[in-house]
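**Student:** I would like to see how this sequence folds:
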Amino acid sequence: MKNLLFTILLFGLIFQAQSQTKNLATTPSELLKKSNNQYKTGLILIGSGTAFLLTAIAMPPTYSDYDGSSNHTVKSILSLTGAISIIVSVPVFLSAGQNGRLAARLSLENQALNQPISFPGHPKSMTALSLKIPI
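**Tutor:** Numbers count the residues shown, from 1 in each chain. Here you go, the predicted structure:
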């Protein structure tokens, strides 16, 4: 029994170690796509959380006027789910912003100068700092 458990644990560790070597999104287009997906996810989370909270606020305190059943449990579940959803959306928005900033590339390269009058001895290109934001 110990050998079987040890073998299963060993295979599980091997597969876990292989899954950690996955390549991360490094190209700007992948980072921008990831940022857009995270932004949409954040909007969905904050929208659904707001809807849950508003539903919990709008519910009447009793289920039925005849037997006096309380809606306290349903209201607490809806408000708790809404609050958790809104709180979870904050790190998703922060991660989307970080990935968007990583997608914007800052580079140093030679850029052509656009001068209306060309002076003799003036270089045609100069080193410039450029910020590229893929859209």
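**Student:** so Ser64 sits in a helix?
**Tutor:** No: counting by DSSP: H, G, I helix; E, B strand; the rest coil, Ser64 is not part of a helix but coil.
**Student:** please renumber so the chain begins at 3
**Tutor:** Renumbered: residue one is now 3, and that last one reads Ser66.
**Student:** report how many residues lie close to it.
**Tutor:** Other residues near Ser66 come to 10 when the count uses other CB atoms under 10 Å. Using the backbone N, CA and C atoms, a C-beta is placed for each residue, glycine as well.
**Student:** show me the contacts for it.
**Tutor:** For Ser66, the contact set (CB atoms under 8 Å, 6 or more residues apart in numbering) is empty.
**Student:** quick check, pLDDT for it.
**Tutor:** Looking at Ser66, its pLDDT is 71.
**Student:** how near is it to Ser72?
**Tutor:** 10 Å (CB to CB, to the nearest Å).
**Student:** same question for Leu96.
**Tutor:** Leu96 is 38 Å from Ser72, by CB to CB.
**Student:** same check, this time on Ile88
**Tutor:** For Ile88, the distance to Ser72 - CB to CB - is 25 Å.
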